[in-house]
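# A predicted structure for the sequence below; I have some questions about it.
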Amino acid sequence: MNYQLKTGATRPFAALKKLMPIIKGERKILSVAFVALIANTLTSLIVPIIIAHTINTSIIGKDYSGVLRASIWIFALYLVGFIASYFQTRWMGAVGQHILFSLRNQLFSKLQSLPVAFFSQNKAGDLISRINNDTDKLNQFFSQGLLQFVGNLFMMIGAAVFILAVNIKLGLAALAPAAVVLILTKLLSPWIKKRNAASLQSVGGMSAEIQESLDNFKVVVAFNRRDYFNKRFAAINNQNYRRAVSAGIANNIFIPSYGLAGNVAQIIVLFFGIFLLTQGEFTIGFMISYFVYLSRFYDPMRQIAGIWPIFQVAMAGWDRIAAVLAMESDMPVMEEQPANGKGLLEFREVSFKYGENEVLHKVNFTLERGKTYAFVGPTGGGKTTTASLIARLYDPVSGQVLLDGKDIRTYKTEERTQKIGFILQEPFLFTGTLYENILYGNDTYRQYSAEQLNEVLQQKGLLHILERFDKGLQTPVTSKGESMSLGQRQLIAFVRALLREPELLILDEATANIDTVTEQLLGEILAKLPAQTTQIIIAHRLNTIEKSDEIFFVNAGQIIQAGSFDHAIRLLMEGKRVS
Ligand SMILES: Nc1ncnc2c1ncn2[C@@H]1O[C@H](COP(=O)(O)OP(=O)(O)OP(=O)(O)O)[C@@H](O)[C@H]1O
């Protein structure tokens, strides 16, 4: 399955449509802000008419009380506009933050629902940038841009109606420069969008680069590759810089032309207006109000040009967010089916590929309850892949994996992970305490008091292991486990898996980094597991597999029963290697 995230193809209105479900939750507050916006716009549009009327009647007729009345009206209207504008800004700020909050939650839950293959095909740094950086671009648009955008658009439409209503000929001439720049903007819009998408993409690439070098810092230092990474970072930072500059230029390219359009319109109104005045088609009051309306039209247009970059960047960010939200796992839970398999676990004609690389080809085997199985084979032979299919980290390309006789795809995630414990080659710990790490995903023992838990650990023979840590269960742990040896981290992963009491326990090179004495201790603990527990041991160290009930040899797309321990060793020695 291809899980590569695509970017940059959505058109603004299509993207806006997709935004609707997110905005839906904000409907109430948006409607109130919208009412405030209309009030604000209307007050600004009515004032010039009052001015025109006052000049035409009160000033020309020298009715000073009329002028005073008009001034009071204008003052009252501006006051209403001020209050409306205050609330509009306040409410929209809250909307922006709330959208940011829910978008980040949605994105994170989506990532949690996606299969392992998605994470091997996309870089973590880029995904982090989508959650942090791209969502913030949308927030900026919602909190700073949206209402200003709509408000200005409203003002422009209102002013255009008045301009055309007062005098159609003069109105058309006054709006012509606006039409020219709007057409230009429309034509250049796709190019601007592309520049913004490229800029955000390179921010994602830069995050990925930083993450990779920080993750592998020890190797960088050990191989004295700091210069190399510095150069690589400088190159990507340089690309990021150039793209950001290019997006900035593209975003702001229109602002001067909007200003110019407004100035040209004023000249047109001045000359054409005076001509109409001499023809008696116009009054001086309307001429003055016309200039006010012109600024009510062209100022918002200039402001929209200023907001446009925020909108463009937000849309490019939204594209990147929408690409993650649109991702669907191709590993859904299937409908229940009657059991028709053998043993605890069965591979039936299972084939699996990573891209074009076929790792398993029509593999068949069955694992019985309570037995211990060893999977051996050369490096790259497919052992970890087989274990991953058993734990349903991937689905087969064809064939079926059956757990307790039923297709593994019919099990709900909780049910499946409860049955199968997987101790990985590279143990992963979470930042917190040892207690939190061993009870990760364990709802049963999480309810237990410290004494009860100690008793359980004692019974299971796990207390010995944990007593090796200085502060016992309260020992601090970091995700990369810097303060711990790999063997210690593997011990924690081991205890974590055993406490979940799985029916099938997979140990993928789980004892590779543990000393012989501890390994023996773990062996004793494994021997104490309930008799029904099935174990799969993947190991290179041959002593680890000696006590298994059956050995499988994994190589070149096949998994065959090796029979005796000696035969397994012969197979390994015969050099049946794929790598
Ligand atoms: N995430 C992945 N994406 C693409 N190819 C992969 C991936 N994981 C493993 N492979 C390839 O699949 C093949 C089998 O790998 P696998 O890890 O299953 O082997 P293994 O027998 O467990 O090896 P080892 O003994 O070294 O752990 C190898 O050719 C490997 O390169």
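Arrived safely, thanks for sending. Numbers count the residues shown, from 1 in each chain.
# can we go C-alpha only for contacts and neighbour counts from here?
Will do.
# Looking at the backbone only, give me phi and psi for the residue in the stretch 401-550 of the chain that the ligand sits nearest to.
Nearest residue of the stretch 401-550 of the chain to the ligand: residue 540, at 7.2 Å (Cα to the nearest ligand atom). Note on residue 540: backbone dihedrals following degrees, to the nearest 10 are phi -100, psi -30.
# Next, count neighbours for it.
17 (other Cα atoms under 10 Å).
# which residues sit in contact with it?
376, 377, 509 (Cα atoms under 8 Å, 6 or more residues apart in numbering).
# Just the buried residues of the one helix or strand residue 456 maps to, please?
Using DSSP states H and E, residue 456 falls within helix 450-459. For helix 450-459, the neighbour count (16 or more other Cα atoms under 10 Å) marks 453, 457 as buried.
# Give me the mean pLDDT for stretch 232-247.
Mean pLDDT, stretch 232-247: 89.
# and this protein, which residues reach the ligand?
Applying Cα under 6 Å from any ligand atom, we find that the chain lies next to the ligand at 120, 354, 359, 378, 379, 380, 381, 382, 383, 384, 385.
# Buried ones among the residues you listed?
The neighbour count (16+ other Cα under 10 Å) marks 359, 378, 381, 382, 383, 384, 385 as buried among the residues of the chain next to the ligand.
# if you look at the residues you listed, which of them are in strands?
Applying DSSP state E to those, the entries found in strands are residue 359.
# Helices of the stretch 201-350 of the chain, start to end?
Remark: helices assigned in the stretch 201-350 of the chain by DSSP state H, counting those that start in this stretch are 217-222, 226-252, 255-278, 284-325.
# Counting by contacts, list what the second one packs against.
Under the contact criterion of 3 or more Cα pairs under 8 Å, 6 or more residues apart in numbering; DSSP states H and E, helix 226-252 touches helix 168-215, helix 284-325.
# Report the residue spans of the stretch 451-579 of the chain with pLDDT below the cut-off.
480-482, 573, 575-579 (pLDDT under 70).
# related to what we said a few turns ago, sort the residues of the chain next to the ligand by pLDDT and name the bottom one.
Minimum pLDDT across the residues of the chain next to the ligand falls on residue 120, with 81.
# Report how many residues lie close to residue 78.
Neighbour count for residue 78, taken as other Cα under 10 Å: 16.
# Check it and give its pLDDT.
On the pLDDT scale, residue 78 gets 90.
# show me the contacts for it.
Residue 78 touches 43, 44, counting by Cα under 8 Å, 6+ apart.
# Checking my notes, it in a strand, right?
No: Residue 78: not assigned to a strand; according to DSSP: H, G, I helix; E, B strand; the rest coil it is helix.
# distance of it from the ligand?
64 Å (Cα to the nearest ligand atom, to the nearest Å).
# Relative to residue 563, how far out is that residue?
For residue 78, the distance to residue 563 equals 92 Å [Cα to Cα, to the nearest Å].
# Over to residue 419?
Distance from residue 419 to residue 563, by Cα to Cα: 27 Å.
# When the two are compared, which one has more neighbours?
residue 419 (18 against 13).
# Phi first, then psi, for that one.
phi -80, psi -30.
# Give the buried residues for the helix or strand encompassing residue 569.
Following DSSP H and E, the helix or strand that holds residue 569 is helix 565-573. Buried residues in helix 565-573, counted by 16+ other Cα under 10 Å: 565, 568, 571, 572.
# Using PDB, write out every CA atom in that helix.
C-alpha atoms of helix 565-573 as PDB (Å, rounded to 0.1, in the frame of the first residue of the first chain):
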ATOM      1  CA  PHE A 565      18.400 -28.600  16.400                       C
ATOM      2  CA  ASP A 566      21.300 -30.200  14.500                       C
ATOM      3  CA  HIS A 567      19.500 -30.000  11.200                       C
ATOM      4  CA  ALA A 568      18.700 -26.400  11.900                       C
ATOM      5  CA  ILE A 569      22.400 -25.700  12.400                       C
ATOM      6  CA  ARG A 570      23.200 -27.500   9.300                       C
ATOM      7  CA  LEU A 571      20.800 -25.400   7.300                       C
ATOM      8  CA  LEU A 572      22.300 -22.300   8.700                       C
ATOM      9  CA  MET A 573      25.800 -23.500   8.000                       C
END
